[in-house]
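In: For reference, the sequence and a predicted model appear below.
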Amino acid sequence: MKHILLIATGGTIASRPTAAGALAPALTSEELIACVPELAELCRIDTLQLYNLDSTSIGPVQWRGIVQAVRARYDAYDGFVITHGTDTMAYTAAALSYMIQGSAKPVVLTGSQKSIYNRDTDARNNLHRAALYACHPAAWGVQLVFDGKVILGTRARKTRTKSFNAFSSIDYPLTAEFRDLRLVPFLPPPAGWGPVRFYEALEPEIFVLRLIPGMRAEIIPRLAGCDCRAIILESFGVGGLPGGDDGPLFAAVRDWCAAGRLAVFTTQVPHEGSDLGVYEVGRAAKALDGVIEARDMTPEAAAVKLMWALGQSKDRAEVARLFLTPVQFDLA
Ligand code: ASP
């Protein structure tokens, strides 16, 4: 029988209404597994109550806490299931994908849209399938299991706020899929996978700027005063700057990069990524030293990978190289 560690961090799956009627995490990891009796027949399961937070409040500090918890127990278990709120689960899935690389043992995130105590909850199915995946011989790497889908940690996005099929795999095939309780695996690990490597350093001082028509360029030099080492510019379509290389935004990005900082271009369009060299409004920006593109990375993966890459090096060229090196199928 496989030996699995369930790490509980909170989220709707563990929530109960407060006295004021709002949902907040309250159930313990032991209470969660008691709701899914199938787990006792499937595996030997231990639990660790690491946090009990709404995932809105989970960020780099907790990502590091999860990595440390997995690292300290890595040899003792065959796999890890992490229960987590859905709102920032895609960020945590991306963060763990960069912070725990090459893991042959599965590290599986799951949660639910309804609390496990609701009569019509999705929580029991999701937790059961997350454990089924973690015990499966074809399982690997950091994955998110939700509504019968197994999604790469680097490709997952929350695309629905209420429905049970809340998560999608963006621009990449599923790792696997459940047909009832039978797992159909699709993706083996990438070539050269393993051995496992843990990273704990992150640099969260980045800023994501979503362009809107008419946006004034003054915002960019103001960010320089906030100690940001890198900015992500969510541009339109395949990418560009209003006014092209004659516009004030181009001058602001040029000055930003001239001071040794990075500017990462991405797109507001949900699918297929950026390609900054296509239009004249983007070409001059693409040619600037310090400008790179997130291409088809999800916004969550791009933000977290940038924090991870900045945490590994102070050298801009090395940060850019790390950012552009594919990890767990994040870049096609
Ligand atoms: N606000 C909750 C959270 O992210 C939502 C959920 O878990 O579905 O913790």
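Out: Ah, there it is.
In: Strand partners (parallel or antiparallel) of the helix or strand where residue 51 lies?
Out: Using DSSP states H and E, residue 51 falls within strand 44-53. Strand 44-53 has these partner strands in its sheet, going by DSSP bridges: strand 3-10 (parallel).
In: Show the contacting residues for the residue in the stretch 51-200 of the chain that the ligand sits nearest to.
Out: Proximity of the stretch 51-200 of the chain to the ligand (Cβ to the nearest ligand atom) peaks at residue 85, 1.9 Å away. (C-beta placed from N, C-alpha, C; glycine too.) Contacts for residue 85 (Cβ atoms under 8 Å, 6 or more residues apart in numbering) come out as 9-13, 25, 53-56, 58, 111.
In: Check the average confidence over the strand holding residue 51, would you?
Out: Mean pLDDT, computed over strand 44-53, is 98.
In: For the one helix or strand residue 94 maps to, name the packing helices and strands.
Out: Secondary structure from DSSP H and E places residue 94 in helix 89-99. In terms of contacts (3 or more Cβ pairs under 8 Å, 6 or more residues apart in numbering; DSSP states H and E), helix 89-99 is packed against helix 60-73, strand 107-110, strand 142-146, strand 156-158, helix 299-312.
In: And the contacts of the fourth one?
Out: What it means is strand 156-158. 86-87, 89-90, 93-94, 144, 166-170, 270, 298-300.
In: just how off-centre is the helix or strand hosting residue 264 within its chain?
Out: Per DSSP H and E, residue 264 falls inside strand 262-267. Centroid separation between strand 262-267 and its chain, computed with Cα atoms, centre = their mean, to the nearest Å, is 18 Å.
In: which SS state does residue 240 fall under?
Out: coil (DSSP: H, G, I helix; E, B strand; the rest coil).
In: Find the helix or strand that the nearest residue to it once chain neighbours are set aside is a member of.
Out: Nearest residue to residue 240, sequence neighbours excluded (Cβ to Cβ, 6 or more residues apart in numbering): residue 281, at 3.3 Å. Here residue 281 sits within helix 280-286, counting by DSSP H and E.
In: Now do that helix: everything it contacts.
Out: So helix 280-286 is contacted by 235, 238-245, 250, 253, 263, 265, 276-277, 291, 293 (Cβ under 8 Å, 6+ apart).
In: okay, now the single nearest residue of the stretch 201-332 of the chain relative to the ligand: neighbour count?
Out: Residue nearest to the ligand within the stretch 201-332 of the chain (Cβ to the nearest ligand atom): residue 300, separated by 13.6 Å. Other residues lying near residue 300 total 23 when counted by other Cβ atoms under 10 Å.
In: Please list the residues of the protein that sit near the ligand.
Out: Applying Cβ under 6 Å from any ligand atom, we find that the chain lies next to the ligand at 11-12, 54-56, 85-87, 111, 113.
In: Which one of these is nearest to residue 137?
Out: residue 111 (24.8 Å; Cβ to Cβ).
In: Quickly note the distance from that closest one to residue 269.
Out: Using Cβ to Cβ, to the nearest Å, residue 111 is found at 27 Å from residue 269.
In: now do residue 255
Out: Distance, residue 255 to residue 269, using Cβ to Cβ: 27 Å.
In: What of residue 153?
Out: The value you get for residue 153 to residue 269, if Cβ to Cβ is used, is 22 Å.
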